[in-house]
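J.: what follows is a protein structure lacking sequence information:
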Ligand code: PMP
């Protein structure tokens, strides 16, 4: 630890007490990787090394790190009002932020409920689905549909919807009545830039089969990430989301898009629903809502869901018995408003759309590397999948670490590196990420 204390600007006396999330703690503490500051697309590590951020943190910070405008807005907010509950009492910034978020979403997703993370957004959406069906006298709709290789966060509802085997093995007691669609990676089209052409309708018809097996009137909602992010950038094949929408409409099932990664421009449109031309009933979001600066998530619902739930309760009672102490925290709202201002003033969603072809081409330059099994790209998001070394996930984890020491942060999930640059990245930054990926691949080959 002394080495750290000597080299890092901040004091680090011990690494023992912090039990780190999603981390091999023993391994980390033997060879820690600490970020002590960040600016734009770079982190500075504890040795003073520059590490280019190829994953926007965890897909959080399209406008780059340590934005002064956000810090100033949060400072101003905290020195004006650092906390007020949002139960029964409101503050102006939350209403303004809800309006701004709604204005980015397709109509009629016009009502926004604030939470503190993506996981909370997913669990909140689950409860909204239940509240809606109950308010319509359809309490028999208790079955949820999710998808293999889905990631919907770590709270119990999200884990229940998870299609990641590790989530399920680690915490096997989850909500009953969750059935799965197949995931959409068929391997039929490797090295695909954009949507695979094949299999969309056929894969979506899994939902139709569930309706025939269980009865469509028992199914409450289908949860999907429009592009499955945490399991490796799985882009929906053409026709897939459209067909899910169609089946949901036929059977009165709600369609929920988990846009925690794809929300706020990642695919070059404000939300993935605009990119794919499919409007869900509920959208979850987090991460880039505040450019990753302050924890915040949100759930947006259609007018009809909000109206049905709020009108169903008599006597002005609380209609939706749910909320968090920090829901719509003033500092988070200030950060969200400042982040949305930057996205708008700097035209960052358009910039993401403009940079996407260059980014795709740069990523595809790695396709002939002997370790690379597949590369999938859409918008400013790409998955580079390496052949596993006999134990799935082991090489990916080792590569993530090696890449960091080579001066680049890319989040690996299993054996897939998810490259998701900031929207402020220049071509040279994208080249740097790709060069460092190539160098690290070479070291492993
Ligand atoms: N849903 C999706 C689609 C996600 O990608 C994530 C996080 N990667 C979550 C939910 C959970 O978000 P959080 O980690 O903020 O709880």
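T.: Received the coordinates, thanks. Owing to the predicted nature of the structure, the values given are computational and were not obtained by experimental measurement.

J.: let's verify the residue lying closest to residue 264 once chain neighbours are set aside: helix, strand, or coil?
T.: Taking CB to CB, 6 or more residues apart in numbering, and ignoring the residues beside it in sequence, residue 264 has residue 288 as its nearest neighbour in space, at 3.7 Å. No exception for glycine: its C-beta is placed from N, CA and C like everyone else's. Assigned with DSSP: H, G, I helix; E, B strand; the rest coil, residue 288 falls in the helix class.

J.: could you measure residue 288 against residue 130, distance?
T.: Counting by CB to CB, to the nearest Å, the gap between residue 288 and residue 130 amounts to 28 Å.

J.: likewise for residue 373?
T.: Distance of residue 373 to residue 130, computed by CB to CB: 40 Å.

J.: now name the helix or strand holding the closest residue to the ligand within the stretch 201-350 of the chain.
T.: Relative to the ligand, the nearest point of the stretch 201-350 of the chain is residue 260 (3.5 Å; CB to the nearest ligand atom). Taking DSSP states H and E as the definition, one finds residue 260 inside no helix or strand.

J.: right, and it touches residue 296 too?
T.: No - look at residue 260 against residue 296 with CB atoms under 8 Å: they stay out of range, at 11.3 Å.

J.: now do the shared contacts for the two.
T.: With contacts defined as CB atoms under 8 Å, 6 or more residues apart in numbering, the residues shared by residue 260 and residue 296 are residue 286.

J.: which helix or strand contains residue 226?
T.: Here residue 226 is assigned to no helix or strand, by DSSP H and E.

J.: list the contacts of the residue nearest to it when sequence neighbours are not counted.
T.: Spatial nearest neighbour of residue 226, excluding adjacent residues (CB to CB, 6+ apart): residue 272 at 3.6 Å. Contact criterion CB under 8 Å, 6+ apart gives 226-227, 257, 259, 262-263, 266 as the residues in contact with residue 272.

J.: equivalent analysis for residue 257, please.
T.: Contacts of residue 257 were listed using CB under 8 Å, 6+ apart, and they are 224-226, 271-273, 280, 282-284.

J.: one more time with 6 Å, if that's ok
T.: Counting by CB atoms under 6 Å, 6 or more residues apart in numbering, residue 257 touches 226, 273, 280, 283.

J.: repeat that for residue 198.
T.: Each residue near residue 198 by CB under 6 Å, 6+ apart is listed here: residue 188.

J.: now do it against the ligand, distance only.
T.: As for residue 198, its distance to the ligand is 24 Å (criterion: CB to the nearest ligand atom, to the nearest Å).

J.: swap in residue 364?
T.: Relative to the ligand, residue 364 is positioned 24 Å away (criterion: CB to the nearest ligand atom).

J.: with adjacent residues omitted, what lies nearest to that residue?
T.: On the basis of CB to CB, 6+ apart, the spatially nearest residue to residue 364 that is not a chain neighbour turns out to be residue 375, at 5.9 Å.

J.: what sits up against stretch 432-441?
T.: 52, 54, 362, 369, 371, 399, 402-403, 406-408.

J.: just the buried positions in that stretch, please.
T.: Within stretch 432-441, the residues that qualify as buried by neighbour count (16 or more other CB atoms under 10 Å) are 432-437, 440-441.

J.: average model confidence for it?
T.: The pLDDT scores in stretch 432-441 average 98.

J.: so how far is it from its chain's centroid?
T.: Mean C-alpha position of stretch 432-441 versus that of the full chain (CA atoms, centre = their mean, to the nearest Å) differs by 24 Å.

J.: for stretch 363-377, same thing?
T.: Averaged C-alpha coordinates place stretch 363-377 at 23 Å from its chain's average position (CA atoms, centre = their mean).

J.: quick one: residues in contact with it.
T.: With CB under 6 Å, 6+ apart as the criterion, stretch 363-377 contacts 190-193, 233, 235, 360, 382-387, 441, 444-445.
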